[in-house]
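Colleague: no sequence on this one, just coordinates:
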C-alpha cells in the first residue's frame with residue numbers, strides 16, 4: 001500500500017530490506033562485518049544499510065530501504081512481540097497453504113525454522129548395499 005501511495009513501480013529492495021530486518025531481529029547479537037571490516041551487532045545491520053544507501057544517493061533519504069525496514073518491523077511486531085505480550089496472533093497462515101504444503105514431522109519454531117526430532121537407532125542403519133560407517137566429525 002505504501003509503495004502504491006508513493007508511486008513505486010518495483011518493491012524488490014523494500015522486500016529485501018524487510019527480510020534483512022527480520023534476520024537482524026532473530027540474530028540480534030551476531031557480529032556482522034560490513035565493508036572495509038566495520039564490525040557491529042546484527043541488530044544494527046538494517047540501519048547501517050540505510051545509512052550506506054543514503055551516502056550512495058548523495059544524502060537523500062532512500063525510501064525503498066526505509067519502507068522495507070518499517071514493514072519488517074510491523075510484521076515482526078504483529079508476529080512475535082504482540083502475541084508474546086499476551087495479545088492475539090493477528091497474522092495466521094491460511095489453511096489452503098497447509099493443504100498445498102503439508103508440514104513436516106518436525107517442530108516449527110518462529111520464522112519458519114524446523115527442528116527435526118532425534119532419529120531412532122534403527123534409522124541409522126544404511127539402506128543401501130554399502131556400509132560406509134559413521135565417519136568422523138570435523139572440527140572437534
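Modeller: Received it, and whenever you're ready, just let me know what you need. Worth saying up front: this structure is predicted, and the values here are computed from it rather than measured. Residues are numbered from 1 along each chain as shown.

Colleague: Show me where this structure dips below the pLDDT cut-off.
Modeller: Within the chain, the stretches with pLDDT under 70 are 105-131, 140.

Colleague: tell me the contacts of the most centrally placed residue in the chain?
Modeller: Nearest residue to the geometric centre of the chain (Cα atoms, centre = their mean): residue 23, 4.0 Å. Neighbour list for residue 23: 42, 45 [criterion: Cβ atoms under 8 Å, 6 or more residues apart in numbering]. Backbone N, C-alpha and C define where each C-beta goes, glycine included.

Colleague: I'd like the distance between it and residue 9.
Modeller: Per Cβ to Cβ, to the nearest Å, residue 23 is found 26 Å from residue 9.

Colleague: ditto for residue 55
Modeller: Distance from residue 55 to residue 9, by Cβ to Cβ: 24 Å.

Colleague: higher neighbour count, these two?
Modeller: A direct count of neighbours by other Cβ atoms under 10 Å for residue 55 and residue 9 places residue 55 higher, at 11 against 5.

Colleague: In which helix or strand does the more buried one reside?
Modeller: helix 45-56 (DSSP states H and E).

Colleague: Specify the angle between the helix or strand just after that helix and helix 45-56 in degrees.
Modeller: As assigned by DSSP H and E, the chain's next helix or strand after helix 45-56 is helix 63-76. When axes from the mean of the first three to the mean of the last three Cα atoms, to 10 degrees is applied, the directions of helix 63-76 and helix 45-56 differ by 170 degrees.

Colleague: what comes up buried for helix 63-76?
Modeller: 63-69, 71-73, 76 (16 or more other Cβ atoms under 10 Å).
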